[in-house]
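return atomic coordinates for the entry below.
(chains A and B)
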Amino acid sequence: MDLIYSIYRVLSDKIYFSFIKENRFMYLVDGWVISIQVTVLAALLGIIIGLVVAIVKISGKSPFAQVADWYVSIIRGTPVVVQLTIIYYVILADVSLPRTIVATIAFGINSGAYVAEIIRAGILAVDKGQTEAGRSLGLSEAKTMRYIIIPQAIKNILPALGNEFIILLKETSVSGYIALDDLTKGATLIRSVTYESFTPLITVAYIYFIMTAMLSAGLSKFERRLRASD
Amino acid sequence: MKKYLKLFIALFAALAIMLVFTGCQKDDGIIKMGTNAEFPPFEYVENGEYAGIDVELAQAIAKELGKELEIVDMAFNALIDALNSGKVDFVAAGMSVDPEREKNVDFTIKYYNATQTIIVQAGNENIKSKDDLVGKKIGVQTGTTGYDVAVEIKDAVVSTYENGLEATMDLANGNIDAVIIDDFPAKKYVEKNPGLKLVDGQFEEEQYAMAVKKGNKKLLEQINKALQKLMDDGTYDKILEKYSD
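You can find the predicted model right below:
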C-alpha cells in the first residue's frame, strides 16, 4: 500500500506541475492542433504529388519519368528531418512563409515519394491479363485503365496509403527543428519550464499512440469492407 | 482499443515504479559534466573536441578534485532534468542563476556576469531597446533566460529554437524580427554574420553558475572550493582572456 501511495503522490505532483499549473496543458492542446493540421494538409499534398509522379513513372517514356525517378530516390534516401531543415533554412531561406506551411510543404514532398511508390505498386500488382482482356474487348487504353485497372488497384492502394498516413503523423514530431510548436515541441516547452521529462513525454507518447491506434482501427475496419466483395 | 489500453496502463505503471526507485549514484573516478555545446565561447565543438570557457574551467575543477572529466552534450532544456535523474554530476553550460531554476538545483558560486542582448538585422533602425520589441516576432533558444524575458514582452510572438545558431539564421533569413540571447555568444554570432547587429536591450544583469543536483552538498562544496581557487590564482582570468578576442 505504501508503494501505491507514494506512486500516487509522486504522479499527482508531477501532473499538477506539468499540466495544471499556469495552464501548461495548453502547450499540448495548441501543439496537437498544429500536428493535426500539418499531417492532414501534408497528406493531401502528398497524395496529389504521389498521383502525378506515379502516373509519370508508369507511362515511362517521357523525360519526366527520369526526374520522377530521381525525386523518389532522393526523398526516400534522405532523413525527413534533414529534408525539413534544408527546405526551411536553405531553399525557402529568403521566402517568409508561416512555419505551418513550410512544414506542410516539406512533409508533403516527403510523403509524395512514398505515396507514388504505393500507387505505382498498386497499379502494377493488377494482373496483366486484365489489361489484355480489356484491350481485346475493344476498350481504349485509357478506358481500360479507368474502368478495369484503377478500381482493382484502389483495393491494393488504400490500406497502404492509410499506413503512410500513420507514419506521416509520427514524422511530423520533428517539426520542432524549424521552431514550429507541434505536439512534441509542446512537451519540450513544458520540460523546459518544469525541468521534468517523465510526465510530458509519456503523455505525448500516449496521445500519439491513441491517434495512431484509432487510425489503424479505422483502417482495418475499412479493409474488411473492401475485402467483402472478394 | 481495450487491449491496447490495458497494455498502456501496465507500461505506465512500470514506468511509474521506475520513477520512484531511480537516482542511485556511484563513485568511479569520473565526473560527468552536462552541457549544450552550441554556445560559443562558453562551450562549443572545435576540430572534433569540446572547447570553451566552461569546458576549460570544468577540466581545471576535475583536476582539482582528482577526477577524470567526461562531457555529456545535450539539449539545453534537458540539462536540469539530466542532473536530477543522475545522468550527469554537474552542469556547466553558461547557465544563469534564476529563482525558478534554484528550486530544482543547487548553484555554485557565480563566475560570470552576463546580460541578455538583442540581435537584429543590420538595416533595422526600429528596434533600439527592449521597449521596441512589443508585438514583434522574437526568436530564442528553448529553456533559456532569453525565453523567460521574451514571453514577458507584450504581444510578442515567441519562437523557440534548438540552439542560438538556428535562431540567428532564421533572423538573417527575415523570418523573425529579433533574437534575445546572452551577450557573449551574441557577439560571436554577429561576428560571423555581417548581416546582423547587436542592440543593447537594457535587460537586468544575470550571473552564470554551475549547478549540482539539489541537496548534493558534498559535490557543491568541492566545486565551490575548486572554483574559488581557480579564480584566486588567476587561472580563471587566463581562460577568460583566451576566449575574449
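
what residues does chain B put near chain A?
B:1, B:4, B:8, B:12-13, B:15-17, B:19-20, B:75, B:77-78, B:80-81, B:84-85, B:100-101, B:104-105, B:139, B:142-143, B:147, B:159-162, B:166-167, B:169-170, B:173-175 (Cβ under 8 Å from any Cβ of the partner chain). Glycine gets a C-beta too; all of them are placed from N, C-alpha and C.

swap the cut-off to 6 Å and go again
Proximity of chain B to chain A, by Cβ under 6 Å from any Cβ of the partner chain, involves residues B:4, B:16, B:19-20, B:77, B:80-81, B:104, B:142-143, B:159, B:161, B:169, B:173-175.

ok, of the residues you listed, which one's closest to A:Ile91?
Among the residues of chain B next to chain A, B:Asn173 lies closest to A:Ile91 (Cβ to Cβ), at 11.0 Å.

thought that closest one was touching A:Ile91?
No - applying Cβ atoms under 6 Å, one finds B:Asn173 not in contact with A:Ile91, separated by 11.0 Å.

when these two are compared, which one has more neighbours?
Using other Cβ atoms under 10 Å in any protein chain shown, the more surrounded residue of B:Asn173 and A:Ile91 is B:Asn173, with 18 against 13.

for the record, mean pLDDT for the helix or strand hosting A:Ile48?
For A:Ile48, the host element (DSSP states H and E) is helix A:25-59. The average pLDDT for helix A:25-59 rounds to 95.

dump the residue contacts of B:Gln141.
B:Gln141 makes contact with B:Tyr161, B:Asn163, B:Gly164, according to Cβ atoms under 6 Å, 6 or more residues apart in numbering or on different chains.

need the contact list for the closest residue to A:Ile119 other than its chain neighbours.
Excluding its sequence neighbours, the residue lying closest to A:Ile119 (Cβ to Cβ, 6 or more residues apart in numbering or on different chains) is A:Ala54, at 3.8 Å. Contacts of A:Ala54 were listed using Cβ under 6 Å, 6+ apart, and they are A:Ala116, A:Ile119, A:Arg120.

same thing with B:Val199?
Per Cβ under 6 Å, 6+ apart, neighbours of B:Val199: B:Ile118, B:Val120, B:Ile127.

just the pLDDT at the last one, thanks.
The one in question is B:Ile127. The predicted structure lists B:Ile127 with a pLDDT of 93.

out of the residues of chain B next to chain A, which comes closest to A:Lys61?
Nearest member of these to A:Lys61, counting by Cβ to Cβ, is B:Asn173, at 40.6 Å.

and the closest one, how far from A:Asp94?
Separation of B:Asn173 from A:Asp94 (Cβ to Cβ, to the nearest Å): 7 Å.

what's around B:Gln59, how many residues?
16.

wait, doesn't it sit right on B:Leu69?
Yes - counting by Cβ under 6 Å, B:Leu69 is a contact partner of B:Gln59 at 5.4 Å.

what packs against the longest helix anywhere in chain B?
Using DSSP state H, we find that the single longest helix of chain B is helix B:2-21. Counting contacts by 3 or more Cβ pairs under 6 Å, 6 or more residues apart in numbering or on different chains; DSSP states H and E, helix B:2-21 is packed against helix A:2-15.

may I have the helix it packs on as CSV, with CA atoms only?
What follows is helix A:2-15, C-alpha atoms only, in CSV (Å, rounded to 0.1, in the frame of the first residue of the first chain):
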residue,chain,number,x,y,z
ASP,A,2,2.9,2.4,0.8
LEU,A,3,4.3,1.9,-2.6
ILE,A,4,1.0,2.6,-4.3
TYR,A,5,0.5,5.7,-2.1
SER,A,6,4.0,7.0,-2.9
ILE,A,7,3.5,6.5,-6.6
TYR,A,8,0.1,8.3,-6.4
ARG,A,9,1.8,11.2,-4.6
VAL,A,10,4.7,11.5,-7.0
LEU,A,11,2.4,11.3,-10.0
SER,A,12,-0.2,13.7,-8.8
ASP,A,13,2.5,16.2,-8.0
LYS,A,14,4.1,15.7,-11.5
ILE,A,15,0.7,16.1,-13.2
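
okay, the angle between that helix and helix A:25-59?
If you take axes from the mean of the first three to the mean of the last three Cα atoms, to 10 degrees, helix A:2-15 sits at 80 degrees to helix A:25-59.
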